[in-house]
Every structure is written in structure tokens, then in C-alpha cells.
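S.K.: Take a look and give me a structure for this.
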Amino acid sequence: MGTDSTGEFAEWDDERYSTNIERFDEQHKRLFGLLNDLHTAMNEGHSEEEVGDILRELERYTEYHFGDEEEFMQNCGYAMDCSDCFYNHREMHEEFADKVRELREKHENGEYVTMEVLTVARDWLDAHIAAGDEDQNYADYFETEVSDDYEYEPGQLYQDRTASEDPVPVDRQSEAAGVRLDSDVYDGGSLSVPEGSVAAWFEDIVSDHGDRTAALVRDDGEFVERSFEELAERAKAVAGGLLSTDLRPGDRLAIRARSQYEWSVLDLASHFAGLVPVALYPSASDDRAAQIIERTGATGLVAAGEVAEDLAMAVETVLDFEDLPTAEARVLPGLQTGGDEVATVAFDVASPAEKAGCALTHRNLLAAAESLRKALPTDSGATGTCSLPLAHIYQRVSTYYLWATGSAVAYLGAEEFVDQLAAVKPDVLIGVPKMYQQLYGTIQDRLGDMGWMKRKVGGRVASYGEGIVKGRGTPLKYRAAKRLVYKSLRRETGLSNLSYALSGTGRLDDHLLYFFRGLGVPVCELYGSVGTAGVGALNPADSYVEESIGDPMPGVEIAVSENRELLVRGPTVLGGFLDDDRTGAQTLRDDWYHTGEVGEVGPAGKLSLAE
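M.R.: Sure, this is the predicted structure:
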């Protein structure tokens, strides 16, 4: 690879470099484009600031691309047992990332970055993409380095490899001892939790917002509206259908289907019928699903697609998710259910099925929704997203939160959500770090298609975002960048109306945080777990503190124990663990939920998790 006839430093050649995987070809082209931009800036004597911006963007995009490529290989290898379609480039990834980091650090230290060094980076990229015979076969990697009990979760292998080899252990006190604190109690303030059950609460929501839009549902390529009245009517009809089977109030009903409008219908129907939904992750294996069904004592299963014989034999009633039964219900037992009764049994996707399930009460779920409503106020008529599994309690209570505000839930496909965002233009984005990583890739690809000047402006977005997050402010040219580039990018990707862009289940990488804040996306991080109904602390965009989990949300108290464990207390804390007195005794003491995570209070008095 060398300079071509058009004067490009790094020439793309489909025959030599194409992987026949479109998304990786586009990402490789973007890396080539950044090298060309860097070469042009250095060759034409552009400012040091411009050269630094391109180097930082090259480093960020390298990390994004390699992370996406490894997740693809994990998914492909696990789901398809495919040994030949792709290769593991891990060591080569690390080598190139080191070279890019070296270039950036040399520049920041005032050292001259020679064209020879840039040529080395270009030639390495050529070898990485074209010289497949040097790669380690992915199947070998999967066989030798992945444990037999591994269950696919995007990015989990990467996280396992990069996690600290010596994590700080949590030294739990004896169960008989009282909880001793080593910090102040951080209080999120008062919270008025709705009385009664989820079914009774939703009845009140329908009374307040009946003809407003409750859902945006994909139908024949278009989004159509469903009102709160239509949603309630459908849910009550399905509740009657459930009660016309062998299911009875108090029974546990397992649900195994992808997130969509009918999932929420079934969830509400279960509550109206007085059943206890047990959400199964659709990606979970049949063995894991069977273990959870046995563990929870579920007597019914609603599943999309074919049901394995072992699963069907594990329950008394099997129903087709695509053909839910309906009937007129003379009585809806769920309307009389008490707030302290179990509303759902939830499991952490990363925990083994044998671990005790979290028995969340109606009060837990409604407290979480109300805490979100108070912390993130929005006008009725807004739109929020649902693209994560509704088996995840974070997505489910976020859906309740949106309904509590009189807002609509837009049900987006897990694989198509990036493209569908532009159609719904949400006010509230419910996301996780992986989702923002995918968005980042899409926006970077669009930046790569722009002209040189706009690419140059776009390359500074993370630098501007870092200034915003760190409180340094932004230069005057940022105003022009927003008008000329960032505004149109937000509009094209459906991010222009956002009041809140939530990220839960884990901390965003700095490069993603800086990128989206520079772009004008109000990213805020939510700390919580299944045991706290997904709600704990909030690090909001307008007062974001780096390395912190933020402040406790309304109704929540947080403290650090004498043994450095982060503790949470409040109405969102689970009612108990499913038939597991030992787990409950270890984890719930003196009204405190012991998270199992190491917490600390920083110099500014802000709570954080220890690395």
C-alpha cells in the first residue's frame, strides 16, 4: 500500500482489503481516511491543534473498531459455531493501538511525529487487514481461552480480559453484626410512592392520559400509535385469556420473547390477572431458561417460536406469544393486590441461574418509576425508547416511568434501533454503553462521508466534549461547529429532541462520554442494580462529575460501610430473595442492601465505585 495516483497517502483497494462484511469494510475505510487526514495535515503544515485532534480521533476510533470487531467474533463464534468466517486479531489489535497511542503521546509531549512513523502505522494497517495468514484462528481462541460455562453477552469477554487482575475484595461483616458505616448517609430526598399494585397504578394512568399515545409500534415499516386506552383494553383482554387457562392468581408466569409492544401488553396483563411475571432473556439457552423456571416455580410459559420439549415439560401451561389468548374478564384480581406483594421475579443477566432471584414488590417497581419521574421530569406527550430487553428491570421500570409522565414508548428493534431513532426522534433515550458505542460508530461513518473541512471540525467533537465535562468550557469556534456539523448529525440520527440520554448498567468510557457531550447529547449515567429495581444514583448531564456514580435519586439513601461496601436503602430495594434465606441474610441487613461493590467517597464528597 502506498500513495496512489490521486495523492492519497493510504489507498483503499477492495480486492486486497475487503472482508465481505460491510460494517467492517466501512470501519477500515474510516481508519484509512483518518490516516489520510493526518498525512494531509502534517504535509501541509496545519496547526498543531488540528494534528492533535486527528490523532485523538484516530485513537478513539481504533478502540471503537477493535471492540466492535471482537464482539462480532464472540457473537459469531458462539451463536453459529463458525470456525472459518472470521479471525481473532487480538494481539495485532493491541499492537496497533499501542502505535496510535505512541503517536498521540509524542505529539502531546511536543515531540516531532515524522512521516516515517506515520508510514509504519499505515503499513501495519495494511498487514492487519490483508495478511490473514498471520492471524490466530478465532475457533482456537474460543476453545483455549473461553470457559465451558460461558454464555454469550456482548463485550463480556473483553471486559473479563481487561478487568483488574487484583480486584478490591469486599469484606462482609458477620450476619449477626449490625451495619457499621464509614461515611455519611447520602439522602436523595423524599419520595411519595403510589399505593397498591402495578395494575391499580396503571388504571390511574389511563384515567389521566386515556387518549394520549402510550406506544409507537412498528407496523409494515411505519410507526403507528397506540393510546393508553387501547393498551389497557388489550392488556385486560389478555388478562382474561390468561385466567381462562389453568393459570390462577399468584402463579408465576415465565415470559420468553424479544422486547416489543406485545411484551408490555403481556406484562400488564399478568399484573391485571394477579400473576407474577418471570422475565427470561430471549438470548438465554434452553438449559438456563429451564433452570430459572424450576428455580422460580413458574407454572406457565409464554414463548415466541418453538418451545423445547424440556421447557414444555417443566410447566403446566404453555402459550404462544404470537397468539395470546383473550377473553372478557369479569374480575381482575390484580387490582386488589397489595403493594408489598411480589410483582415480578428478576435475575441479573450476568449471574448464574442458580443464584437467588430478586423478588421485587409492586411498591419496588412503582417507587423506581416515581423516582425516575421526579429526577427526570418531562411533559406529557413526550417519547422515550425501548430497545433493550424488557427482561432487564432497568428497561422495564423506564417504560413505567415514561407512562407515569404521560409519554409514549417507542418500541425499536434491537438490531435496527440506530436506523429507527431518526423516525421517532425521542425526547428520552434509554440506553446502555454498548448502544452508545453503536451510535458512535454510525455517526463516525457519517462523518467519514463528509468533506475534508467538516471532517476536520467533526474530529474535534470529543475535545469540545471533554472541555464541557471538565468545566473548562469551549472555544468560540465550537459555536460554529455546532451549527455547521453537529446539529445536522443529531438531526440525521434522531438525537435532536433529546432532553435526557440515559446510560445504565455500567459506566460509559470517557471517549464516548466526551464525544456525545461535544455533539450536544445530554448524556447522564444511572447507577442501579436488579436488587434496587434498576434505580440508585444519577449523574446528570448538567452537573456531571467524572469518576462518580452521582447523587442518590429521590427516595434513595446511599452509604459506604466500615468494610468499604456500597450500601443502598429505600423503597426501591427488593423485598427479598426467592426462597433463599442465606442470601437475604447476607445482603439485606438493617434495611440496607449490600451491593457487593466497593464504594468510596472522593475528596469533593462524591460517591464512586473503586476500580
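S.K.: Can you get me the start-to-end distance on stretch 303-318?
M.R.: The first and last residues of stretch 303-318 sit 8 Å apart, counting by C-alpha to C-alpha, to the nearest Å.
S.K.: cool, stretch 481-498 as well?
M.R.: Separation of the first and last residues of stretch 481-498 by C-alpha to C-alpha is 19 Å.
S.K.: can you list the weak-confidence ranges in the stretch 351-500 of the chain?
M.R.: 351-356 (pLDDT under 70).
S.K.: just the helices in it please.
M.R.: 362-375, 393-404, 417-424, 433-448, 452-458, 461-469, 477-481, 487-492 (DSSP state H, counting those that start in this stretch).
S.K.: Contact partners for the residue nearest to the spatial centre of the chain?
M.R.: The centroid of the chain falls nearest to Val432 when counting by C-alpha atoms, centre = their mean (1.8 Å). Contact analysis of Val432 by C-beta atoms under 8 Å, 6 or more residues apart in numbering lists 388, 503-506. To be clear about C-beta, it is placed using only N, CA and C from the backbone, and glycine gets the same treatment.
S.K.: out of those, which are buried?
M.R.: 388, 503-505 (16 or more other C-beta atoms under 10 Å).
S.K.: Just the helices from the stretch 101-250 of the chain, written as ranges.
M.R.: Taking DSSP H, counting those that start in this stretch to define them, one finds helices in the stretch 101-250 of the chain at 115-130, 138-145, 156-162, 198-209, 228-243.
S.K.: Report the buried residues of the last one.
M.R.: Buried residues in helix 228-243, counted by 16+ other C-beta under 10 Å: 228, 230-232, 234-243.
S.K.: Show me what that helix packs onto, helices and strands only.
M.R.: helix 198-209, strand 213-219, helix 261-273 (3 or more C-beta pairs under 8 Å, 6 or more residues apart in numbering; DSSP states H and E).
S.K.: Could you tell me the angle between that helix and helix 198-209?
M.R.: Relative orientation of helix 228-243 and helix 198-209, computed by axes from the mean of the first three to the mean of the last three C-alpha atoms, to 10 degrees: 160 degrees.
S.K.: The next helix or strand after helix 228-243 - which strands sit beside it in the sheet, and in what orientation?
M.R.: Following helix 228-243 in sequence order, the next helix or strand is strand 252-256 (DSSP states H and E). Take DSSP bridges as the rule and strand 252-256 pairs in its sheet with strand 276-280 (parallel), strand 300-303 (parallel).
S.K.: residues in contact with strand 252-256?
M.R.: Contacts of strand 252-256 (C-beta under 8 Å, 6+ apart): 242, 247, 263, 266-267, 270, 275-280, 282, 284, 289, 292-293, 296-304, 315, 321, 345, 391.
S.K.: before we move on, the earlier item: show me the buried ones among the contacts of Val432 that map onto helices.
M.R.: Assignment to helices by DSSP state H places none of these there.
S.K.: Among those, which has the minimum pLDDT value?
M.R.: For the buried ones among the contacts of Val432, the weakest pLDDT value sits at Thr505, with 86.
S.K.: got a list of what that residue touches?
M.R.: Contact analysis of Thr505 by C-beta under 8 Å, 6+ apart lists 392, 394, 432-433.
S.K.: what's the closest of those residues to Val556?
M.R.: Tyr394 (14.7 Å; C-beta to C-beta).
S.K.: I figured that closest one was touching Ser529, is that so?
M.R.: No - using C-beta atoms under 8 Å as the test, Tyr394 is too far from Ser529 to be in contact (9.0 Å).
S.K.: quick one: low-confidence ranges for the stretch 1-150 of the chain?
M.R.: Using pLDDT under 70, the stretch 1-150 of the chain drops low at 1-7, 19-23, 66-93, 113-118, 120-121, 124-125, 127-150.
S.K.: can you redo the strands paired with strand 252-256 as TSV with mean neighbour count and mean pLDDT?
M.R.: Below are those laid out as TSV (neighbours: other C-beta atoms under 10 Å; pLDDT from 0 to 100):
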stretch	mean neighbour count	mean pLDDT
strand 276-280	25	96
strand 300-303	24	97
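S.K.: How about the secondary structure of Val568?
M.R.: Per DSSP: H, G, I helix; E, B strand; the rest coil, the secondary structure class of Val568 is strand.
S.K.: Give me the neighbour count for it.
M.R.: Neighbourhood size, Val568 [other C-beta atoms under 10 Å]: 25.
S.K.: Check Arg16 too.
M.R.: Arg16: 11 neighbours (other C-beta under 10 Å).
S.K.: So it versus Leu31, what's the distance?
M.R.: 15 Å (C-beta to C-beta, to the nearest Å).
S.K.: hmm, back to that, for the strands paired with strand 252-256, give me TSV that also has distance to Ala367.
M.R.: Listed next are the strands paired with strand 252-256 as TSV, based on distance: least, C-beta to C-beta, whole Å:
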stretch	distance to Ala367
strand 276-280	18
strand 300-303	27
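S.K.: So for Ala368, which of those strands sits nearest?
M.R.: Using C-beta to C-beta, the strands paired with strand 252-256 put strand 276-280 closest to Ala368, at 15.0 Å.
S.K.: Could you tell me the angle between that closest one and helix 261-273?
M.R.: Using the same axes, to 10 degrees: strand 276-280 against helix 261-273 is 150 degrees.
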